[in-house]
Structure formats: structure tokens, C-alpha cells
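**Student:** give me coordinates for this.
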Amino acid sequence: MCTDIVTPEQRSRMMSRVKGKNTKPEMIVRSLCHQMGLRFRLHRRDLPGTPDLVFPKYNLCIFVHGCFWHRHIGCKYASMPKSRENFWLEKFDTNINRDHQNTNKLKLLDWRVDVIWECETKDTNQVKEKILRLTNTKPNKY
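**Tutor:** The predicted structure follows:
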């Protein structure tokens, strides 16, 4: 087992600063949607899972997930920490199960649900194409 290079207190302080809203990947997606002329609502707390972007016109909820926290399968950013493996396995399983439950609840409410992964935001053209497909809109001069 590998030991951490920082103290548990330092690690705790570092992890407590990880944001859940307004992350860099989320801001990229929001900016692209705005450039494309799409209107959306942010973090609607009345919907299961508080989706990052909600497009009422398209009955669409988009989650912008971090590859590490939500375990993007096959992604290099979804690495496994070397210390406290049992803790992390439980944490990741909880996140994945919660994601599935929220997606199912939204679908029962007749919402369409999709995820844009953190690693996908590195290629803004790919994200634009995905958003165009999801909203079934034609590209404008963004």
C-alpha cells in the first residue's frame, strides 16, 4: 500500500475545496450553449440530482460530470487513488449509484438526460456537436 505524501489534515483541507458547481468543465459547456443561442436554467433544485443545465424547451437535462468523481469508463482521468482503496471504492460506488438513481427519476418525469464528461470539454467542437444533436437544433454562427 502506498502512503500519502501529505498529512490527513492537509488532504482533508484539499478535498474540501473541490467544487461541485461552476467547475471549469461546466463553465465551458455553459459558455458554448450561450454562444449557440440556447437558453437554459442552472442547478434546478426541484429536479432529482440538481442537473447542471436544464433546457425546458427541449425537455433536456445535462450533467457535466468530472471523470474522476463519476468514474468515466476507460478515461485516463478516472484513476484510482493508491491509498485508502476501500474508502474510494465505496465513495465511487455511491456516486455512480446516485447518478443512476437520479437519471432514472428524471426519466420517470419525462426528462431526457445526458452527460457531458470533463474530458469531452477539451474538444469544444465535439461538445457543440453533441449539444446540437441533443437539442435537435441547426448550427448558427457561433
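**Student:** C-alpha from now on. contacts and neighbour counts both.
**Tutor:** OK.
**Student:** what's the per-residue pLDDT of Pro139 here?
**Tutor:** pLDDT recorded at Pro139 is 63.
**Student:** where does the prediction get shaky in this protein?
**Tutor:** 1-4, 11-12, 14-20, 138-142 (pLDDT under 70).
**Student:** now the strands for the chain?
**Tutor:** 41-42, 53-55, 60-65, 112-117 (DSSP state E).
**Student:** what helices or strands is the shortest one leaning on?
**Tutor:** Applying 3 or more CA pairs under 8 Å, 6 or more residues apart in numbering; DSSP states H and E, one finds that strand 41-42 contacts strand 53-55.
**Student:** the third one now?
**Tutor:** Using 3+ CA pairs under 8 Å, 6+ apart as the contact criterion, the neighbours of strand 60-65 among helices and strands are helix 24-35, strand 53-55, strand 112-117.
**Student:** CA atoms only for that strand, dumped as PDB, please.
**Tutor:** Backbone C-alpha positions of strand 60-65 (Å, rounded to 0.1, in the frame of the first residue of the first chain) are rendered in PDB as follows:
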ATOM      1  CA  LEU A  60     -33.400  18.000 -21.600                       C
ATOM      2  CA  CYS A  61     -31.200  17.800 -18.500                       C
ATOM      3  CA  ILE A  62     -27.400  17.800 -18.900                       C
ATOM      4  CA  PHE A  63     -25.000  16.800 -16.200                       C
ATOM      5  CA  VAL A  64     -21.400  17.900 -16.600                       C
ATOM      6  CA  HIS A  65     -19.500  15.100 -14.800                       C
END
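**Student:** what lines up beside it in the sheet?
**Tutor:** Strand 60-65 has the following strand partners under DSSP bridges: strand 53-55 (antiparallel), strand 112-117 (parallel).
**Student:** is it possible to get a markdown table of these that adds distance to Asn86 and mean neighbour count?
**Tutor:** Listed next are the strands paired with strand 60-65 as a markdown table, based on distance: least, CA to CA, whole Å; neighbours: other CA atoms under 10 Å:
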| stretch | distance to Asn86 | mean neighbour count |
| --- | --- | --- |
| strand 53-55 | 32 | 20 |
| strand 112-117 | 25 | 18 |
